[in-house]
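Novice: Sequence and predicted structure are below.
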Amino acid sequence: VGGLQAGKGTKRVKYAELEGLVVVEEVYVDLYVKDPSHDLSNPQAVFDGLLRCFCALAAQICNRQSSTVDSSSSDAPPPPALGAAEEGGNWVLGGLTEDEALSSVTSATLTLVRVRPSLAAHAGRGGYLKRLCSLLEEVVGAGGGG
């Protein structure tokens, strides 16, 4: 069912049944949510990756929405597409929209914290909570305060 895909000196195996799945830190997040008992080799690295991906996706969505609110003309260029290299990320969105990918990443993050509650404290130490609060302030500000 898979096929070899060549591009720019690299070869990748492509499996149709895995298209549309988000991969963060080499973990298929949708599959992890279905089987959270799967042993992760480095849960903290996966958690960090999920939080970085979440913040990058949320920022991308906020930028898109604020440019829609602030734009006085429909000729405004769309924001740049989110790529795996952005934010130092190690993820693949699997052809999903930012909204769809954010939903998958959110589910995986909550599942991982539910399975490994000790990781929750790491979110504060890593500066992710502060960044999320800043994103929320941007959303509220862009939406006119309410």
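Specialist: Received it, and whenever you're ready, just let me know what you need. Numbers count the residues shown, from 1 in each chain.
Novice: got the residue ranges for the helices in this protein?
Specialist: Secondary structure of the chain (DSSP state H): helices at 29-34, 43-70, 98-115, 120-125, 128-142.
Novice: in the longest one, what counts as buried?
Specialist: Looking back up the chat, that one is helix 43-70. By neighbour count on 16 or more other C-beta atoms under 10 Å, the buried set for helix 43-70 is 43, 46-63, 66. C-beta: built from backbone N, CA, C; applies to glycine.
Novice: swap in the first one?
Specialist: If you call a residue buried by 16+ other C-beta under 10 Å, then helix 29-34 has these buried ones: 29, 30, 32, 33.
Novice: If you drop the residues flanking it in sequence, what lies closest to the first one?
Specialist: Read it as residue 29. In space, and not counting its chain neighbours, residue 29 is closest to residue 108: 3.7 Å by C-beta to C-beta, 6 or more residues apart in numbering.
Novice: Wait, the one you found touches residue 50, no?
Specialist: Yes: contact between residue 108 and residue 50 holds when scored by C-beta atoms under 8 Å: they sit 5.7 Å apart.
Novice: which neighbours do those two share?
Specialist: Here residue 108 and residue 50 share the contacting residues 24, 29, scored by C-beta atoms under 8 Å, 6 or more residues apart in numbering.
Novice: sorry, back to before: let me have the helices of the chain in CSV, adding distance to residue 20 and mean pLDDT as columns.
Specialist: Output for the helices of the chain, formatted as CSV (distance: least, C-beta to C-beta, whole Å; pLDDT from 0 to 100):
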stretch, distance to residue 20, mean pLDDT
helix 29-34, 8, 94
helix 43-70, 16, 82
helix 98-115, 8, 93
helix 120-125, 27, 82
helix 128-142, 25, 78
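Novice: wait, isn't residue 24 in contact with residue 106?
Specialist: No: counting by C-beta under 8 Å, residue 24 stays clear of residue 106, with 11.7 Å between them.
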